[in-house]
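Trainee: Pasting a predicted model and its sequence here:
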Amino acid sequence: MRSRDGLRGFCAQGHADYAEYGEDIVCASVTSAVQLTANGITECLGINASVSVDPQGGISLILPQDCRREDAAAFLEALYLHLTVLSQDYEGTIQITDSEV
């Protein structure tokens, strides 16, 4: 999720379907990167971001409206870069969509 000031959050859902459940390295990579980003922002930086987890495994995180911290933006940019590289390395498994908030 992007605003005119840069990335403000993310939403991840679905499965990569690269391999069988429990063997899917793409899904595991995305899950790990998303958890690292969410925990880094909320626990390490102490930012009170809006985090939502749905029962099917989807997760979203949105930074507070007044958050202008460069370290939080760096976490989000790193996640975006990581997912972009994964989507290139494992074509057809990850779809990245930019949306405005």
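Mentor: Received the coordinates, thanks.
Trainee: hey, which helix or strand in the protein has the poorest pLDDT?
Mentor: Taking all helices and strands of the chain together, the one with the lowest average confidence (mean pLDDT, DSSP states H and E) is strand 2-3, at a mean of 76.
Trainee: helix or strand right after that one?
Mentor: Once the chain leaves strand 2-3, the next helix or strand it forms, by DSSP states H and E, is strand 6-7.
Trainee: For the following helix or strand past that next one, give me every contacting residue.
Mentor: Stepping forward along the backbone from strand 6-7, the first helix or strand reached (DSSP H and E) is strand 9-12. Contact with strand 9-12 is made by 1, 30, 34, 37, 49-50, 58-63, 76, 79-80, 101, as judged by Cβ atoms under 8 Å, 6 or more residues apart in numbering. Every residue, glycine included, has its C-beta placed from N, CA and C.
Trainee: Please name the residues that touch the residue of the chain positioned farthest from its centre.
Mentor: Checked against the mean C-alpha position of the chain, the extreme residue using Cα atoms, centre = their mean is Glu20, at a distance of 22.3 Å. Glu20 makes contact with no residue under the criterion Cβ under 8 Å, 6+ apart.
Trainee: Let me know the distance separating it from Cys27.
Mentor: Applying Cβ to Cβ, to the nearest Å, the value for Glu20 to Cys27 is 10 Å.
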